[in-house]
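S.K.: mind looking at a prediction? Sequence and model below.
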Amino acid sequence: MLNLDLQKRVALVTGASGGLGQAIATTLAAAGARVAVHYGKDAQGAARVVESIRQQGGEAQAFAADVADVAAVRELVAAVEQRFGSLDILVNNAGMDGPHQLVGADDDPKAWEKVLAVDLLGPYYAARAAIPIMERQKRGVIVNITSVHEFIPWEGYSAYASAKAGLSMFTKTLAQETADRGIRVVAVAPGAIQTPINASVWGNPDTLKDLDEKIAMGRLGKPEEVAQVVAFLASDLASYITGTTLAVDGGMLIYPDFRHGG
Ligand code: BGC
């Protein structure tokens with residue numbers, strides 16, 4: 001039987017107090033991994049995730065850190081290694097869309113910089129701290145959560161789209177740098193998944209209809225549908241995959257608008 005086994009693996013999932021990260025943390029734990037549940041501000045959410053993993057018989061602990069702070073991220077990774085004895089899987093999931101703003105019109109450079117810091121610098125900081133550990137172990141997987149917006153431009157969210165496209169290229173370059181050291185680096189590009197990040201869109205029937213029309217399968221994804229793919233990529237079932245992005249988007253990237261006409 002095909003076995004997606006993450007026993008004896010230690011995983012750190014950033015931004016795991018809710019949304020996609022919560023599903024990723026609980027799914028990795030269900031596959032046998034011991035999980036460090038990172039959070040930025042939502043200590044209660046992280047505690048709930050840890051509790052639900054423990055109730056399933058898994059092992060987890062919450063860790064707080066600002067992912068945009070290089071020293072804080074270094075300490076986070078060191079604390080995870082100290083607590084669990086290794087770090088085999090790093091999921092760079094923490095991210096933010098940022099505010100809708102048009103460049104040169106109503107944009108605030110500070111807001112742009114913040115999105116870049118969380119969505120691009122954060123994964124870089126975590127990867128640079130994790131790689132020496134993975135190198136020593138001769139084993140490790142880094143999964144960067146990008147977005148369909150690593151491919152699709154998004155009006156009003158230029159910082160987000162730029163950060164995600166950057167994270168995609170970081171994934172490939174890092175994979176190239178580390179492939180001969182037993183480390184795989186992959187990206188997962190979710191489409192519209194029903195989480196708090198886009199609640200204002202799916203919470204309104206008109207904007208939900210507009211969004212559904214952008215998805216070939218005609219519906220939003222569930223967090224679990226992304227989490228299961230992350231678990232697969234983190235496992236030995238994906239032992240020959242590195243330096244590439246897997247889209248989990250219900251067909252957003254196949255231009256459903258082109259079903260007719262053209
Ligand atoms: C964003 C969501 C958005 C989706 C599709 C994601 O990367 O975080 O807010 O709904 O892309 O546009």
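M.R.: Great, that's in hand. Numbers count the residues shown, from 1 in each chain.
S.K.: phi, psi of T242?
M.R.: Backbone torsions of T242, given as degrees, to the nearest 10, read phi -150, psi 150.
S.K.: what's the answer for the one 3 residues further on, then?
M.R.: Reported as degrees, to the nearest 10, the phi and psi values for T245 are phi -110, psi 140.
S.K.: how about the residues of the protein that lie near the ligand?
M.R.: The chain comes close to the ligand at residues 97, 147-149, 191-192, 197-198, 201, as judged by Cβ under 6 Å from any ligand atom. For the C-beta atoms, the positions are set from N, CA and C on the backbone; glycine is no exception.
S.K.: what about burial for those residues, which qualify?
M.R.: Buried members of the residues of the chain next to the ligand, counted by 16 or more other Cβ atoms under 10 Å: 97, 147-149, 191-192, 197-198.
S.K.: what is the nearest of the residues you listed to Q56?
M.R.: For these, the minimum distance to Q56 (Cβ to Cβ) is 25.1 Å, reached by I197.
S.K.: which residues touch the closest one?
M.R.: 19, 95-97 (Cβ atoms under 8 Å, 6 or more residues apart in numbering).
S.K.: can you redo the buried ones among the residues of the chain next to the ligand as TSV with pLDDT and secondary structure?
M.R.: Formatted as TSV, those follow (pLDDT from 0 to 100; DSSP: H, G, I helix; E, B strand; the rest coil):
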residue	pLDDT	secondary structure
D97	97	coil
S147	98	coil
V148	98	helix
H149	98	helix
G191	98	coil
A192	98	coil
I197	93	helix
N198	95	helix
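S.K.: could you report the pLDDT at the residue nearest to A47 when sequence neighbours are not counted?
M.R.: In space, and not counting its chain neighbours, A47 is closest to A62: 6.0 Å by Cβ to Cβ, 6 or more residues apart in numbering. A62 is assigned a pLDDT of 98 by the prediction.
S.K.: which parts of stretch 28-41 are buried?
M.R.: Quick answer for stretch 28-41 (16+ other Cβ under 10 Å): 28-40.
S.K.: chain center to that stretch, what's the gap?
M.R.: Centre-to-centre, stretch 28-41 and its host chain are 12 Å apart (Cα atoms, centre = their mean, to the nearest Å).
S.K.: pull it out as CSV, backbone CA atoms only.
M.R.: The C-alpha coordinates for stretch 28-41 follow below in CSV (Å, rounded to 0.1, in the frame of the first residue of the first chain):
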residue,chain,number,x,y,z
LEU,A,28,1.3,16.9,8.6
ALA,A,29,0.6,15.8,12.2
ALA,A,30,-2.0,13.3,10.9
ALA,A,31,0.7,11.9,8.6
GLY,A,32,2.9,11.4,11.7
ALA,A,33,5.1,14.5,11.9
ARG,A,34,5.8,16.3,15.1
VAL,A,35,4.8,19.9,14.3
ALA,A,36,6.0,23.4,15.4
VAL,A,37,3.0,25.6,15.0
HIS,A,38,4.3,29.1,14.4
TYR,A,39,2.2,32.2,14.8
GLY,A,40,2.7,35.9,14.6
LYS,A,41,0.0,37.4,16.9
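S.K.: good, we can wrap up now.
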